[in-house]
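# Return a 3D structure for these sequence lines:
(one chain, ligands or ions: 2)
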Amino acid sequence: MSRPALAIRLFVSLCGIASTTASAEDPVKGPAEIARLEYEQVMALTPDLENGRKVYLTCAVCHRPEGWGAPDGAYPQIAGQLRPVIIKQLADIRARNRDNPLMYPFSVPRILGGAQNVADVAAYVAQLPMTPENGVGPGDDLALGEEVYREHCAKCHGENGEGNEAEHIPAIAGQHYLYLMRQFDAIRTGRRKNSDPKMVKQIDGFTPRHQAAVLDYTARLRPPEGKLAETGWTNPDFPSYVRDPMGVPPVPPMPAGLMDASPSPEPPAYPSVPPAR
Ligand code: HEC
Ligand code: HEC
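Ligands and ions are numbered 1, 2, ... in the order given. Okay, here's the model as predicted:
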């Protein structure tokens, strides 16, 4: 065998050995597996609400001090979400098992901290009361929405959209309509990597009308008694936080008298068209 051929053989066999030993001793974990391990680690910890409040300051910039997000759906409401769901989403986002380019930099251990901080902030967010004024849809197809919900969603997300702690299925009642629409699209098209394959199958073939109707119905489902805040509630844990207006600004009332002002004068009549010859 020529020298170069021998060298190539030696190189190839060495690589082969190197890669088999590496995978036997240190199996490369994918994002889903890394997130699953962190989820289990965090779930076993006892949360500290006081530390959770401190950690939450980072989150408040986007999710607001109340955790209500924005009615235009750019930021989801996270207040009142089930604790295991918050933990699973945080673990998924920072393991890149759910793409969230905006939030990702704030979720990494250097900023958010380790498992204990995740446990603490999740418990803090879960106990925040929810907004009574979340974003909803047009409201013109709710009978169809209810029918679709009962048939396709209730068995997993609960009769009233309350979710399921043990299976970490999200509560979806009272979430902003436009955020629900975005997530539903991401799940349907496979863009949301951590989506539930059984749900993907369940919603396969939905028309845009079915989707809009069921999500409008979902956004209007009321969370359980005691989970809703009073209108205008502000989180007393952040008394000096400056709350810039966010989302769809309320339409200002029409100035008094504008609509009953005297009608504009009659426009001048067009000159009559001369008869054709
Ligand atoms: C820079 C803005 C930003 C910051 C800071 C931020 N988030 Fe988010 N978060 C988002 C956005 C945007 C989404 C929705 C992304 C999407 O549409 O998939 C999101 C989604 C989430 C979700 C998933 C909600 C759901 O219903 O599935 C959770 C839970 C969450 N954030 C918790 C937190 C916590 C806890 C913190 C603080 C440690 C935090 N976020 C900080 C922007 C932010
Ligand atoms: C087989 C069970 C199952 C069915 C049926 C199902 N879902 Fe889901 N859904 C899930 C699970 C599990 C998740 C969370 C996946 C994850 O991120 O871990 C989810 C996530 C979602 C989300 C994203 C929530 C968030 O906070 O980001 C929405 C919105 C949603 N489902 C709406 C629906 C609607 C509407 C229906 C009925 C048309 C439905 N689902 C049917 C199991 C199901």
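# where does the protein have low pLDDT?
The chain contains residues with pLDDT under 70 at 1-26, 245-255, 257-265, 267-268, 270-277.
# How is it partitioned into domains?
Domain assignment for the chain by automatic domain parsing gives 31-126, 142-220.
# Doesn't L144 lie inside a helix?
Yes - using DSSP: H, G, I helix; E, B strand; the rest coil, the assignment for L144 is a helix.
# now the domains of the chain as CSV including mean neighbour count and distance to ligand 1?
Every C-beta, even on glycine, is put in place using the N, C-alpha and C of the backbone. Formatted as CSV, the domains of the chain follow (neighbours: other CB atoms under 10 Å; distance: least, CB to the nearest ligand atom, whole Å):
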stretch, mean neighbour count, distance to ligand 1
domain 31-126, 19, 3
domain 142-220, 17, 5
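# Would you format these as a markdown table with distance to E133 included?
Formatted as a markdown table, the domains of the chain follow (distance: least, CB to CB, whole Å):
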| stretch | distance to E133 |
| --- | --- |
| domain 31-126 | 7 |
| domain 142-220 | 10 |
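# closest one to ligand 2 among the ones you listed?
domain 142-220 (2.9 Å; CB to the nearest ligand atom).
# start to end distance for the closest one?
With CA to CA, to the nearest Å as the measure, domain 142-220 spans 9 Å from end to end.
# Then stretch 95-108?
End-to-end distance for stretch 95-108: 9 Å, by CA to CA.
# So which residues make contact with that stretch?
Applying CB atoms under 8 Å, 6 or more residues apart in numbering, the external contacts of stretch 95-108 come out as 31-32, 34-35, 38, 58-59, 62, 89-94, 111-112, 191-194.
# Contact partners for the spatially most central residue of the chain?
Residue closest to the mean C-alpha point of the chain, counted by CA atoms, centre = their mean, is P76 at 4.8 Å. By CB under 8 Å, 6+ apart, the residues touching P76 are 63, 69, 175-176, 179.
# And G190, by the same measure?
By CB under 8 Å, 6+ apart, G190 lies in contact with V200.
# Can you show me the helices along the stretch 1-150 of the chain?
In the stretch 1-150 of the chain, the segments counted as helices under DSSP state H, counting those that start in this stretch are 3-25, 31-43, 49-63, 83-94, 104-107, 109-112, 115-126, 142-152.
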